[in-house]
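Novice: quick one: sequence and predicted model below, then my questions.
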Amino acid sequence: MDGPEVKREEGQRLGLWANYALLIYTAVALGVLLGVANLIIFDHNVRWDLTPGKQYSLSQFDKRVLSGLKHNVKVMAFVRTEDASYLRLADLLFQVAAYTPRVTYQIIDVNKAPGLARQYGVSIYGEVVVESEGRRRDFDNARADLLIPAILEVSHVTNKKLYFTVGHGERDLFNTDRNLGFSEFRNYLEQNNYQIENVSLFAGGVPSDCSVLVSLAPRKDFMPQELAALAKYLAGGGKYVVFLDPYGSPSLAGFLEKYYMHFTERVIVDPAYRLTAGEILTMQMPLYSKTDPITRSMAGAAVFSMSRGVEITGKPGDKAPDGLVMFRADSFLKSSHESWASGDPKAVTTGITEFKAGRDLKGPIPVGSEIDFGVNGDVHVPIEKMARIVGFGSSAFASNQFIGMLGNRDLAVSAVNELAGDEILIASRERLNKAETAAFYVTNAQATGSFYLGAVVEPSILFLVGLAVFVRRRFFA
């Protein structure tokens, strides 16, 4: 009997050791599996964003910007760690750094590193510094929606030059005067990393490195030699933006007639869409294309002052000088249906006029138009090789006085971006504007409606309700 019992005990001990070995093996295998899974998740940033708008994930635009980075970008967020408002930015920085090694970041507690904050000129909580190749952009309040546009600005390397014509009374880009200056417009263009130069067409024509040629409100006539140089530039696929105020440079307006862009002599007035208590020559332009790149990113309607119409007189297939053939034409910005182009000479001097059939042209009136031409009779060339002309019937919207209003900044800068082939900069502003609320400006019609609603309609309704209650209680109780 001893033999079978001994064997049974030995078998039990062997089974027990086998169970221990299996347990140890299972624990080690599970540990290794968890370790490998953790490494995979750490390296590949595995996340599931279940929010309806995917607000905690990188958008396709974000990925496009990050994938196109050619230089390293450093982000430094100066925050107070006790404040939870920066957590959304911290999460986005983690995603960005996981997506591309080109971006590195630091989150710095200002209270713990005041010396570093002073070194970077940071004096407030929530300021974020984005640097690349000597370029720097700052934004405050640690706003996550500003991060990708800031990265794009500092990383968008360009040697593109913008040339502004001079010699015809054009507006001064370095003038900081609030009413007459255009220095803010220049600042916005330089933030897009454009190089800005002046050019005299009489001296030597348009330089070969010109990406976009701009005429900013010329008042005097262009000489024949200058117009010949401009025609030569367009014949070679040049890009031209012209801001032409009423009665400005008749010779340039006549020149552009050959390219089917007609600047009308009438001044646009709009009693309905003028700003509250303002004169009828300064108004919102509420009709704009939601698909055209120039107007797509606008935060709101543009505000124009002293504007003329910019009509397109041709159609695709029409021939222009030097072998150019119209490929596409679009009036992307118009005045309201209540506006009109006034032929009354007193409208400009007095700001008072009424619509008169036969003399005036009823709105909507185009005030921003673009025409693209195929070069050498070929309309199948890529758009970047086409000759392109963008015309605005006013320059005031890009001045220091108006450029901060509603969609003016986006309109002025996007016109240059579009012709320079920098649509990604337009897309950046479009993305940013979706997260912002445009400044609130009330038109005269809206102000009048609000007055009658609050001063007449609402009190009348309350009076009638009170009268009905009095009659019911007095006579039917």
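Specialist: That came in fine, so what should we check first?
Novice: just to check, residue 130 is in contact with residue 150?
Specialist: Yes: using Cβ atoms under 8 Å, residue 130 is in contact with residue 150, at 4.3 Å. (Each C-beta comes from the backbone N, C-alpha and C, glycine too.)
Novice: next, count neighbours for the residue nearest to residue 251 when sequence neighbours are not counted.
Specialist: Leaving aside its chain neighbours, residue 251 sits nearest to residue 221 (3.9 Å; criterion: Cβ to Cβ, 6 or more residues apart in numbering). Neighbour count for residue 221, taken as other Cβ atoms under 10 Å: 18.
Novice: same question for residue 314.
Specialist: There are 15 residues near residue 314, going by other Cβ under 10 Å.
Novice: returning to what we had before: list the residues that contact the residue nearest to residue 251.
Specialist: For residue 221, the contact set (Cβ atoms under 8 Å, 6 or more residues apart in numbering) comprises 168, 249-252.
Novice: and the gap between it and residue 111?
Specialist: Per Cβ to Cβ, to the nearest Å, residue 221 is found 64 Å from residue 111.
Novice: neighbours of the nearest residue to residue 352 once chain neighbours are set aside, how many?
Specialist: Once flanking residues are discounted, residue 352 sits nearest to residue 346: 7.1 Å by Cβ to Cβ, 6+ apart. By other Cβ under 10 Å, the residues close to residue 346 number 10.
Novice: again, but for residue 203
Specialist: 11.
Novice: just the pLDDT at it, thanks.
Specialist: We have a pLDDT of 82 for residue 203.
Novice: is it in a helix, a strand, or coil?
Specialist: Under DSSP: H, G, I helix; E, B strand; the rest coil, residue 203 falls in the helix class.
Novice: just the element for residue 149, please.
Specialist: Using DSSP states H and E, residue 149 falls within helix 147-155.
Novice: does anything pack onto that helix? Which helices or strands?
Specialist: For helix 147-155, the contact count by 3 or more Cβ pairs under 8 Å, 6 or more residues apart in numbering; DSSP states H and E identifies helix 60-67, strand 73-79, helix 87-99, strand 127-132, strand 135-139, helix 423-434 as packing neighbours.
Novice: where among these is the average confidence lowest?
Specialist: Taking the mean pLDDT of those, helix 423-434 comes last: a mean of 80.
Novice: could you check the angle it makes with helix 147-155?
Specialist: Counting by axes from the mean of the first three to the mean of the last three Cα atoms, to 10 degrees, helix 423-434 lies at 150 degrees to helix 147-155.
Novice: quick check: domain ranges of the protein?
Specialist: The record's domain split for the chain, according to automatic domain parsing, is 1-44, 60-155, 161-434, 442-477.
Novice: gap between the two ends of the second one?
Specialist: Put plainly, it is domain 60-155. 18 Å (Cα to Cα, to the nearest Å).
Novice: which SSE is immediately downstream of the helix or strand bottoming out on mean pLDDT in the chain?
Specialist: Least confident helix or strand, the chain: helix 444-452 with a mean of 61, by mean pLDDT, DSSP states H and E. Once the chain leaves helix 444-452, the next helix or strand it forms, by DSSP H and E, is helix 458-475.
Novice: can you list contacts of that following helix?
Specialist: Among residues not part of helix 458-475, none is counted as a contact by Cβ under 8 Å, 6+ apart.
Novice: rounded mean pLDDT for that helix, please.
Specialist: Averaging pLDDT along helix 458-475 yields 74.
Novice: send me it as CSV with only the CA atoms.
Specialist: The C-alpha trace of helix 458-475 is given here as CSV (Å, rounded to 0.1, in the frame of the first residue of the first chain):
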residue,chain,number,x,y,z
GLU,A,458,-43.2,96.1,-27.6
PRO,A,459,-45.0,98.9,-25.7
SER,A,460,-48.0,98.6,-28.0
ILE,A,461,-48.2,94.9,-27.3
LEU,A,462,-48.0,95.4,-23.6
PHE,A,463,-50.7,98.2,-23.8
LEU,A,464,-53.0,95.9,-25.7
VAL,A,465,-52.5,93.1,-23.3
GLY,A,466,-53.2,95.4,-20.4
LEU,A,467,-56.3,96.8,-22.1
ALA,A,468,-57.6,93.3,-22.8
VAL,A,469,-57.2,92.4,-19.1
PHE,A,470,-58.9,95.6,-18.0
VAL,A,471,-61.9,95.1,-20.3
ARG,A,472,-62.3,91.4,-19.3
ARG,A,473,-62.3,92.2,-15.6
ARG,A,474,-64.4,95.4,-15.9
PHE,A,475,-67.2,94.1,-18.1
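Novice: nearest to residue 265, of the helices and strands packed on helix 147-155?
Specialist: Distance to residue 265, taken as Cβ to Cβ, is lowest for helix 423-434 among the helices and strands packed on helix 147-155, at 32.2 Å.
Novice: between the closest one and helix 60-67, how many degrees?
Specialist: Using the same axes, to 10 degrees, helix 423-434 lies at 130 degrees relative to helix 60-67.
Novice: what are the contacting residues of helix 423-434?
Specialist: 59, 61, 64-65, 68, 145-146, 148-149, 152-153, 156, 192, 293-294, 296-299, 410, 413-414, 417-418.
Novice: ranges for the strands of the stretch 251-400 of the chain?
Specialist: 261-269, 282-285, 287-288, 302-305, 308-312, 325-334, 340-342, 361-362, 366-374, 387-392 (DSSP state E, counting those that start in this stretch).
Novice: same list, those strands, but as JSON lines with mean pLDDT please.
Specialist: Below are those laid out as JSON lines (pLDDT from 0 to 100):
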{"stretch": "strand 261-269", "mean pLDDT": "94"}
{"stretch": "strand 282-285", "mean pLDDT": "92"}
{"stretch": "strand 287-288", "mean pLDDT": "94"}
{"stretch": "strand 302-305", "mean pLDDT": "94"}
{"stretch": "strand 308-312", "mean pLDDT": "96"}
{"stretch": "strand 325-334", "mean pLDDT": "96"}
{"stretch": "strand 340-342", "mean pLDDT": "92"}
{"stretch": "strand 361-362", "mean pLDDT": "92"}
{"stretch": "strand 366-374", "mean pLDDT": "97"}
{"stretch": "strand 387-392", "mean pLDDT": "98"}
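Novice: mind putting the ones you listed in CSV, mean neighbour count included?
Specialist: Below are the strands of the stretch 251-400 of the chain laid out as CSV (neighbours: other Cβ atoms under 10 Å):
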stretch, mean neighbour count
strand 261-269, 23
strand 282-285, 27
strand 287-288, 20
strand 302-305, 26
strand 308-312, 23
strand 325-334, 21
strand 340-342, 25
strand 361-362, 15
strand 366-374, 25
strand 387-392, 26
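Novice: same list (the ones you listed) but as TSV, adding distance to residue 85.
Specialist: Putting the strands of the stretch 251-400 of the chain into TSV (distance: least, Cβ to Cβ, whole Å) gives the following:
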stretch	distance to residue 85
strand 261-269	45
strand 282-285	35
strand 287-288	35
strand 302-305	33
strand 308-312	46
strand 325-334	38
strand 340-342	50
strand 361-362	52
strand 366-374	40
strand 387-392	41
